[in-house]
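**Student:** here are the coordinates; sequence isn't available:
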């Protein structure tokens, strides 16, 4: 038997990995909020099933939850297909209604039964080690670990079996239709996979963390790569880091486990948002600066050529006066000149700049691309 802390981390890690896989396809199809809708709406299915069987341990509660999850996805898609309601509005119509019915059912129908709304919303991973799976007198470990491990395996099998179909329908649904992949069937498979995963995770980690595990790893992975296979792998890794790092934070500071995991997920996303190699803010700022300096190099060469051999050459092409003529900051002008020299476009002759043969060819290509008319230099 593992230590309770290890079992909690195991359950959370399996939940994070299982949620991350369908989360990627939901993110790519711009349907991440469908997971949010399902995670809230299944409360109605749980309450409705309990009111019938009056047993919190009955498997009918999970069956009712799964049925409500699929119903939510189908209802949202049906409203969207009418053309009168967009998907965001359909989500706003379906899941608040079902979730509210579930809350009302808890308040009015199960008042004397321990069905805690706070636990439903936030979950309580600390209790996961106490819900054991036994067989033949053997203690097999936390039930949540087996359930989430089974869902993780099921999601992997489905993704491997329909990888090409999922990929094409996620990036180009019209082309998927032409190839006969039947996007509607794939959509239903994805919704069913999402509903089952959300229902299983809902029982372990609660609504809030389910939504975070569906959305955050996928959104973070999408900032780090544009390829689907690495995105799936990264999302699983991020789901694991979110779970394990969140538990470490909760243990160190005596905080809510679910809240700490969601917080760690937010930190991971913020780091990727800032520092992702291609899509991060820092990388984009550097790319914009490089493009600006590249344009400035082009404008420098065109300016020098336009005044070459004229009476104004000594004034216009003078290194000291160039910043004023081009309306550039002196430090920026010096950087542009240095980069143009490194590119072999210009050389210094005393206090003048001269265009090289390579610079003339570059200027001809630039003017040809712009129809012979140079654009205004950046200020």
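**Tutor:** Thanks, I have the structure now. Remember, predicted model here, so these are calculated numbers, not experimental data.

**Student:** how many other residues sit next to residue 100?
**Tutor:** 14 (other Cβ atoms under 10 Å). For glycine as for every other residue, the C-beta is placed from the backbone atoms N, C-alpha and C.

**Student:** Mean confidence (pLDDT) on the helix or strand where it lies, please.
**Tutor:** For residue 100, the host element (DSSP states H and E) is helix 87-109. On average, the pLDDT along helix 87-109 is 83.

**Student:** likewise stretch 66-82?
**Tutor:** pLDDT averaged over stretch 66-82 gives 84.

**Student:** same deal with stretch 355-365?
**Tutor:** Stretch 355-365 comes out at a mean pLDDT of 90.

**Student:** Not counting it itself, show me its contacts.
**Tutor:** For stretch 355-365, the surrounding residues in contact (Cβ atoms under 8 Å, 6 or more residues apart in numbering) are 298, 301, 302, 304, 305, 308, 340, 343, 344, 345, 346, 347.

**Student:** Widest-spaced pair of those?
**Tutor:** Farthest pair in those (Cβ to Cβ) is 308 and 343. Separation: 18.1 Å.

**Student:** Residue 128 - that's part of a helix, no?
**Tutor:** Yes: assigned with DSSP: H, G, I helix; E, B strand; the rest coil, residue 128 falls within a helix.

**Student:** In this structure residue 44 contacts residue 96, no?
**Tutor:** No: between residue 44 and residue 96 there is no contact under Cβ atoms under 8 Å: 10.9 Å.

**Student:** The two: which is more packed in?
**Tutor:** Ranked by neighbour count (other Cβ under 10 Å), residue 44 and residue 96 place residue 44 first, with 24 against 13.

**Student:** got a list of what that one touches?
**Tutor:** 68, 98, 99, 101, 102, 105.

**Student:** what about the helices in the stretch 1-150 of the chain?
**Tutor:** For the stretch 1-150 of the chain, helices defined by DSSP state H, counting those that start in this stretch occupy the ranges 4-28, 32-53, 60-81, 87-109, 117-122, 143-161.

**Student:** from the chain's centre, how far out does the third one sit?
**Tutor:** Think helix 60-81. 24 Å (Cα atoms, centre = their mean, to the nearest Å).

**Student:** Show me the contact partners of that helix.
**Tutor:** With Cβ under 8 Å, 6+ apart as the criterion, helix 60-81 contacts 34, 37-38, 41-46, 48-50, 52-53, 85-87, 89-91, 93-95, 98, 187, 191-192, 194-196, 198-200, 202-203.

**Student:** Would you convert the helices of the stretch 1-150 of the chain into a markdown table that also reports distance to residue 232?
**Tutor:** Shown next, in a markdown table, are the helices of the stretch 1-150 of the chain (distance: least, Cβ to Cβ, whole Å):
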| stretch | distance to residue 232 |
| --- | --- |
| helix 4-28 | 6 |
| helix 32-53 | 15 |
| helix 60-81 | 21 |
| helix 87-109 | 24 |
| helix 117-122 | 28 |
| helix 143-161 | 7 |
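
**Student:** Before I go, just wanted to say thanks for your time.
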